[in-house]
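Novice: here you go, sequence then predicted model.
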Amino acid sequence: MMRLSVRELSTRLGSREVLHRVNFDVAPGEVLGLVGPNGSGKTTALRCCYRALTPSAGTVLVDGVDAHTMKRSELSRTIGVGTQEPQASVGLTVRESVALGRVPHRGWFDRATSSDDDIVTACMDRVDLLALAGRDVGALSGGERQRVSIARALAQQPQTLLLDEPTNHLDLRQQLIVMKAIRDLAADGLAIVVTVHDLRLAVEYCHNLAVLDGGAVVASGPTTDVLDDRLLADVFGICATVRTGPPRTIDIHGLA
Ligand SMILES: Nc1ncnc2c1ncn2[C@@H]1O[C@H](COP(=O)(O)OP(=O)(O)OP(=O)(O)O)[C@@H](O)[C@H]1O
């Protein structure tokens, strides 16, 4: 089981520094929520973790090993990624698209084994996709494609899972299914980093939070320590009350 550590990560896009000396850690069994207003750097930080972007400074360590020096195939077996724009799988069925997650464990040209098939079925079941298994991915709704992306990441059987807004496009029931699946996966020992806009989901399902604002981490730690009425006003510009529960929730009253 692996720990992901981001150390002093800075990133430039064009002429702008969009991440500034970002640090966070996630251990096996934990869900870390990356939260922050639009444009605060959440997606950029995740992209650096899975090597879609090269940081201008700092490191991403997977159990102490620099993720940017690992072999691609090793990285794919270690880190599973669910992104906002699922890779184009047009022309593939849901099952075929999820099965692509097994490729890092064999080769492109090797046949899937019955154990691969079982894993693919279990991963689809985890995000309520079995009924859609035979559908063309190109003909799915945004929320359905989002779940395909998560199931494919799970099929990689990674030790660390990075999910960019996994509840985006999902109806309320599916949001809860996905967030519960994330918690269950953490309970199985995965280290999970998830970007979340809905702070009510973040407060209920994330063990820890790192709050980004303007490309910097402005607060981090256990969720209920980090989120308070003042931070919600200062960083998110909303007037809200955090209830420590149970269940933990946030009452949103309006603009700060
Ligand atoms: N290719 C790019 N060139 C220049 N700036 C970029 C580029 N891509 C993103 N940015 C900027 O980097 C900053 C961080 O963007 P990022 O997508 O990481 O934010 P985010 O917190 O994920 O936002 P959102 O909540 O809206 O998804 C933003 O100000 C954005 O405009």
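Specialist: Right, received. Where do you want to start? Numbers count the residues shown, from 1 in each chain.

Novice: for this structure, what lies in contact range of the ligand?
Specialist: 13-14, 16, 18, 36, 38-44 (C-beta under 6 Å from any ligand atom). In short, each C-beta sits where N, CA and C put it, glycine included.

Novice: change it to 8 Å
Specialist: 13-14, 16, 18-19, 34, 36-47, 84, 164-165, 195, 197, 212, 215 (C-beta under 8 Å from any ligand atom).

Novice: okay, now the unreliable bits of the stretch 51-200 of the chain?
Specialist: 84-88, 107-108 (pLDDT under 70).

Novice: ok, now with 90
Specialist: 72-77, 82-91, 103-116, 127-128, 138-147, 149-150, 168-170, 174, 177, 181 (pLDDT under 90).

Novice: hey, where'd the helices end up in it?
Specialist: 72-78, 94-99, 114-126, 142-155, 172-187, 199-205 (DSSP state H, counting those that start in this stretch).

Novice: mean neighbour count added to the ones you listed, as TSV?
Specialist: Below are the helices of the stretch 51-200 of the chain laid out as TSV (neighbours: other C-beta atoms under 10 Å):
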stretch	mean neighbour count
helix 72-78	15
helix 94-99	23
helix 114-126	17
helix 142-155	23
helix 172-187	17
helix 199-205	22
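
Novice: filter the residues of the chain next to the ligand down to the ones in helices?
Specialist: 42-47 (DSSP state H).

Novice: mind putting these into CSV with pLDDT?
Specialist: Below are these laid out as CSV (pLDDT from 0 to 100):
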residue, pLDDT
42, 97
43, 96
44, 97
45, 97
46, 96
47, 95
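
Novice: buried members of the residues you listed into ChimeraX, please.
Specialist: Buried residues within these, by 16 or more other C-beta atoms under 10 Å, are selected in ChimeraX with:
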select :42,43,44,45,46,47
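
Novice: JSON lines for the ones in helices among the residues of the chain next to the ligand, including distance to residue 173?
Specialist: What follows is these, written out as JSON lines (distance: C-beta to C-beta, whole Å):
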{"residue": "42", "distance to residue 173": "25"}
{"residue": "43", "distance to residue 173": "25"}
{"residue": "44", "distance to residue 173": "31"}
{"residue": "45", "distance to residue 173": "29"}
{"residue": "46", "distance to residue 173": "25"}
{"residue": "47", "distance to residue 173": "29"}
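
Novice: so what's the residue nearest to the spatial centre of the chain bridging to?
Specialist: For the chain, the residue nearest the mean C-alpha position is residue 163 (1.6 Å; C-alpha atoms, centre = their mean). Residue 163 forms beta bridges with residue 82, residue 194, as assigned by DSSP bridges.
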